[in-house]
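S.K.: Got a predicted structure here, sequence first:
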Amino acid sequence: MFENIKNHLFDDKELKVVENHLKKFPSKKSATLPVLWMMQEKYGYISEEAMEYIGQLLEVPSDHVLGVVTFYTMYFRKPTGKIHMQVCTNVSCMLRGGYDIYHYLSDKLKIKNKEKTSDGMFSIEEVECLGSCGTAPMLQVNNQEFYENLSVEKMDGLLEELKNKYGNLEYAKY
Ligand code: FES
């Protein structure tokens, strides 16, 4: 199916999965989200090259792919730390100290938005509502875990907990 494309970012097995995604949708374009997710699962982020490649696979301009990547905070355009913390600062979280948490982490780790620590362990990102307003303030780790009802006082303990949990990964999962 993809014979005319220089297939260098997905192997044959992965291209089969892409084909299966394509079968689920009326147009190739509709498979943008799952194919991007596959790419990020494999490489940890979505490079410019990956966006061009996915554009070819799905027969859409790479600008469309870029638009999707930049719209959703679950996609990363550069490598993150092993522990990527997305701190919600939207209304509910903001009212309950979300910015205090964000600034505490930023100051303690000496990194700004979307930066990672020099040892590659942590990165932070300020994000909009993650759908857990009832347990605000909260943050999400590595696109998969919520930590809720947070406070600045809990942050040192949380950083230790996360380091023990993810610190031995050989590479950043995301
Ligand atoms: S405002 Fe933070 S989860 Fe909704």
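M.R.: That came through fine. This one's a predicted model, so the numbers in the text were calculated from it and none came from an experiment.
S.K.: rest of the way, CA atoms for contacts and neighbours
M.R.: Noted.
S.K.: and residue 78, backbone torsions?
M.R.: Dihedral pair for residue 78: phi -150, psi 160, per degrees, to the nearest 10.
S.K.: Per-residue pLDDT of the closest residue in space to it that isn't next to it in sequence, please?
M.R.: Ranked by Cα to Cα, 6 or more residues apart in numbering and with sequence neighbours excluded, the top spatial neighbour of residue 78 is residue 45, at 5.5 Å. Note for residue 45: predicted pLDDT of 95.
S.K.: so who does residue 45 touch?
M.R.: Contacts for residue 45 (Cα atoms under 8 Å, 6 or more residues apart in numbering) come out as 39, 75-80, 174.
S.K.: what's the closest of those to residue 92?
M.R.: Residue 92 lies nearest to residue 75 out of the contacts of residue 45, by Cα to Cα, at 23.4 Å.
S.K.: and that closest one, helix, strand or coil?
M.R.: What DSSP: H, G, I helix; E, B strand; the rest coil gives for residue 75 is coil.
S.K.: how about the nearest residue to it, chain neighbours excluded?
M.R.: With sequence-adjacent residues excluded and distances taken as Cα to Cα, 6+ apart, residue 75 is closest to residue 69, at 5.6 Å.
S.K.: So which elements touch the host helix or strand of that neighbour?
M.R.: Counting by DSSP states H and E, the element that carries residue 69 is helix 62-71. Using 3 or more Cα pairs under 8 Å, 6 or more residues apart in numbering; DSSP states H and E as the contact test, the elements touching helix 62-71 are helix 32-43, helix 48-58.
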